[in-house]
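Enquirer: just the structure for this:
(2 chains)
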Amino acid sequence: MKRLKDGLNFVLPKGRLMKDSLKLLGKLGIVDTIPEGRELVYEGDNFTILLAKSFDVPVYVEHGVDIGIAGSDVVEELESDVFIPLELPFGICRLSVAVLKGSELDVRSMEGFKIATKYPNLTLKFFNSLNVDVEILRLSGSIELAPRIGIADAIVDIVKTGRTLRSNGLVEIHKIMDVSAFLIVNRISQKTKFERINAFVNGVKELIKSGWEC
Amino acid sequence: MKKDIFSESERLAFLSSKFREMFDLWGYREIFLPTVENLNERLRKGIKLVHNGEIYVVKPDLTSQILANYKDDDKTIRIFYISEVLNSDIKGMLQAGIEFIGGKEREMWVEVLSIVITSLDHVGLKEFYLDIGSLKVWKDATEDIGGFREEVFLALKRRNFGIIEELPIDDEKKEELWKLFNFRGKKSGFEDLDFLIEALKDERVFLDLGTMRLLNYYDDMVFEAYAPGFGFPIGGGGDYIVNGKKGVGFAFYLNNLVNLCEFNEVNEDDRIELSGDLIERYERARDLVRRGIAIKPM
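Expert: Just a heads-up that it's a prediction; the model follows:
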């Protein structure tokens, strides 16, 4: 990786976690807004912020960006080799199995089902743990469409309120895991920027302890 | 465009030859291990392959392969290898490593870490550090809360002290674990670790009790080598017990190091250019290379 600034470098996810991530950095006096535009790198006096797709955040951190914020779903799916010093109090939702309304069944009876998902590894792990063989249809978005048009029997996806599922005629039948945002740290940065990273992590920890909510 | 595999290969070859030179200077002999081994519970990583009803492992982790092949009556051995490992993936990683088995524990550690330092200096890596940790320190510290050892090791792996904070153990214990968790320095109060710092006399070596390598064969001390600005370790190792004998080993990850080292191009001006007809040129070439003189490719 080309050298970024010697200060701390962050990578934040564009999308559902971006607003809360910025609120967190703002509360710690780092930055609370990023000028709108197409720039993917924002440089401050002693920090750099990169903006990336949520699934790419752990990849950037694995490859040398000091700190990132990513959903636990993404970190677990990619089995990223990063430190996870803190679970953050936002991005809370769940990874669940859903089927078309009226087709509800026990997940143990889904042998041979075709499952549409962005999470092939977590999905396979879950069904393997039940000793149920399923076929994975890997999609990168709008997963809910797949059962509606008949190219999959079920989906595994993130559920927050369940509204998106309902509006697409789907119903949640089983929660695989709880999901929240993780603060993730590059393994080598933790050594080379030991004091600064510990100070930052402790700052976030104190903020959470004080009852801060985004 | 395809990756320039030949250019990277040249750089990997440069690194390999430098490590080979250094390992040889320290008195280690090179070994070549089979690409395919019969499945054995001691083998780690690699890819499993079924052939004629038998299960095999292709390119397993090299330390585990050496341990699986080490015989009871083997004496003290100092060996090195330069080979590829399949980390449970079909794409391999090239590693250069050594194993020292059957020596005196402190001597083995000082020797192996000295080889790490001199080897990284030898390939011209400008800035690197070694962090040494200890599994034994953590095993001892969790002796009285043995039921939660797994959670403590998960906390270390993730560097997430919150996991320990939530355990139903007293505050004094948590404070003790917190201090270990965040210890990074030169004097730890643990005799064996402090001895290494004293013996190595190198400002780039640190004790970092948060450094963990949770491979099934490691027994006590472990270490990682890394370079600032590069997100992955460049090498690592640890000690283990094989057939009742202590061993210490490490591996450099050449595919990571190749991005960091400066490479001395061979000075082409030093090569002799040959002319004349084919028979003459190759006769002269045979004569020159027999005398150790480099020629320009014709």
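Enquirer: what does the stretch 101-250 of chain B have sitting close to chain A?
Expert: Residues of the stretch 101-250 of chain B lying near chain A by C-beta under 8 Å from any C-beta of the partner chain: B:129, B:131, B:158-162, B:182, B:184, B:208, B:210, B:226-233. Placement of C-beta: from N, CA and C, glycine included.
Enquirer: ok, now which ones touch the residue of the stretch 1-150 of chain B found nearest chain A?
Expert: Using C-beta to the nearest C-beta, B:Asp131 is the residue of the stretch 1-150 of chain B that sits closest to chain A, at 5.9 Å. The neighbourhood of B:Asp131, defined by C-beta atoms under 8 Å, 6 or more residues apart in numbering or on different chains, consists of A:191, B:184, B:206-208, B:211, B:223-224, B:226.
Enquirer: for B:Tyr226, same thing?
Expert: Here B:Tyr226 is in contact with A:188, A:191-192, B:128-129, B:131, B:232-234 (criterion: C-beta under 8 Å, 6+ apart).
Enquirer: so what's the nearest residue to it once chain neighbours are set aside up against?
Expert: Nearest non-adjacent residue to B:Tyr226, counting by C-beta to C-beta, 6 or more residues apart in numbering or on different chains: A:Ile188, 4.7 Å away. The contact partners of A:Ile188, taken as C-beta under 8 Å, 6+ apart, are A:64, B:226-228, B:230-233.
Enquirer: what ranges do the strands span in the stretch 151-298 of chain B?
Expert: Here the stretch 151-298 of chain B has its strands, by DSSP state E, counting those that start in this stretch, at B:184-185, B:205-208, B:218-226, B:235-242, B:245-253.
Enquirer: give me the buried stretch members for the fourth one, please.
Expert: Taking 16 or more other C-beta atoms under 10 Å in any protein chain shown as the basis for neighbour counts, the residues of strand B:235-242 that come out buried are B:235-240, B:242.
Enquirer: ok, the residues you listed vs chain A, which is closest?
Expert: The nearest one, if we look at the buried residues of strand B:235-242 relative to chain A and count by C-beta to the nearest C-beta, is B:Gly236, at 10.9 Å.
Enquirer: at the geometric centre of chain A, which residue do we find?
Expert: What sits nearest the mean C-alpha location of chain A, by C-alpha atoms, centre = their mean, is A:Gly71, with 2.0 Å.
Enquirer: ok, that one to chain B distance?
Expert: Using C-beta to the nearest C-beta, to the nearest Å, A:Gly71 is found at 16 Å from chain B.
Enquirer: can you lay out the contacts of B:Tyr226 as TSV showing distance to A:Lys205?
Expert: Formatted as TSV, the contacts of B:Tyr226 follow (distance: C-beta to C-beta, whole Å):
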residue	distance to A:Lys205
A:Ile188	22
A:Lys191	20
A:Thr192	21
B:Phe128	31
B:Tyr129	26
B:Asp131	23
B:Phe232	26
B:Pro233	26
B:Ile234	30
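Enquirer: most neighbours out of those, which is it?
Expert: B:Ile234 (25 neighbours; other C-beta atoms under 10 Å in any protein chain shown).
Enquirer: quick one: A:Arg108 and A:Val132 touch, right?
Expert: Yes: the criterion here is C-beta atoms under 8 Å, and A:Arg108 meets it with A:Val132 at 6.1 Å.
Enquirer: now chain B against chain A: closest residue?
Expert: For chain B, C-beta to the nearest C-beta, closest residue to chain A: B:Gly231, 3.0 Å.
Enquirer: so that residue sits right up against A:Asp66, yeah?
Expert: No: in this structure, B:Gly231 is not within contact of A:Asp66 by C-beta under 8 Å, at 9.1 Å.
Enquirer: residue ranges of the helices in chain A, please?
Expert: A:18-27, A:57-62, A:72-78, A:120-129, A:145-148, A:163-167, A:189-192, A:194-209 (DSSP state H).
Enquirer: residues in contact with the fourth one?
Expert: Okay, so that is helix A:120-129. A:73, A:76-79, A:95, A:97, A:107, A:110, A:115, A:117, A:133-134, A:136, A:138, A:156, A:176-177.
Enquirer: who in chain A is up against chain B?
Expert: A:1, A:3, A:61-65, A:83-87, A:185-192, A:194, A:198, A:205.
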